[in-house]
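In: compute the structure for the input listed below.
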Amino acid sequence: MANKKLGRPTDQRNHILRNLVSEFFWNSKIETTYARAQEVRRQAEKLLTLAIKSYEDSVKVTKTVKQVKFVKGKDGKKEKTYVTKTVEFTNDGPKKLSARRRIMANTRDLQEPRVKKENKTAYKLRTGAINHPLTEKIFNELAPKYAARAEEKGQGGGYTRILRKGFRRGDNAEVVILEFVD
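Out: Residues are numbered from 1 along each chain as shown. Next up, the predicted model:
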């Protein structure tokens, strides 16, 4: 994605924007300079639109799984037997898989933080099945919410707003709050 230079070399600029977009999706609100907010808004709205267009694309797949089971034989030794089961999975369709990969390429993989006074086992039980929490949040929370909003209002886009906060002491940079529209 083409963007403003922001006074940084390419690698630093890409890392800054990637981190800001990830934090923006995770917290739904960030405080940054006006120039950075414009770039984050541009990238975030593109990624969210991509998620909205593809979040419903899923395919049900039935697979037969062969499991090895050890049974004691007549002579007391363990013998291998195979048990087949039919299991139904829900996989991403081609559009959703492509969108998921693009979102993962343009955001950082943030992990769910531990809640106060939560032990390790409780944390692992709560977050164990989720491999990419930020991507799951985008597809399961944000995309359905803003798809319903787009249907209701009859328009796409406009998911974010920039609120000007004032100028920062020291370098006099304009500070803004970038947040999602409810």
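In: what residues of the longest helix along the chain count as buried?
Out: In the chain, with assignment by DSSP state H, the single longest helix is helix 34-54. By 16 or more other Cβ atoms under 10 Å, the buried positions in helix 34-54 come out as 36-52, 54. (Each C-beta comes from the backbone N, C-alpha and C, glycine too.)
In: the closest residue to residue 133 other than its chain neighbours in helix, strand or coil?
Out: In space, and not counting its chain neighbours, residue 133 is closest to residue 112: 4.9 Å by Cβ to Cβ, 6 or more residues apart in numbering. Using DSSP: H, G, I helix; E, B strand; the rest coil, the secondary structure recorded for residue 112 is coil.
In: distance check, residue 112 against residue 127.
Out: 5 Å (Cβ to Cβ, to the nearest Å).
In: which residues do those two both contact?
Out: residue 133 (Cβ atoms under 8 Å, 6 or more residues apart in numbering).
In: buried residues in stretch 22-36, which are they?
Out: Neighbour-count burial for stretch 22-36, counted by 16+ other Cβ under 10 Å, picks out 22, 23, 24, 25, 26, 30, 32, 36.
In: now for the residues you listed, which pair is the farthest apart?
Out: The most widely separated members of those are 26 and 36, with 16.5 Å between them, by Cβ to Cβ.
In: where's the residue of the chain most remote from its centre, which helix or strand?
Out: Taking Cα atoms, centre = their mean as the measure, the residue most remote from the mean C-alpha position of the chain is residue 75, 54.7 Å away. Following DSSP states H and E, there is no helix or strand that holds residue 75.
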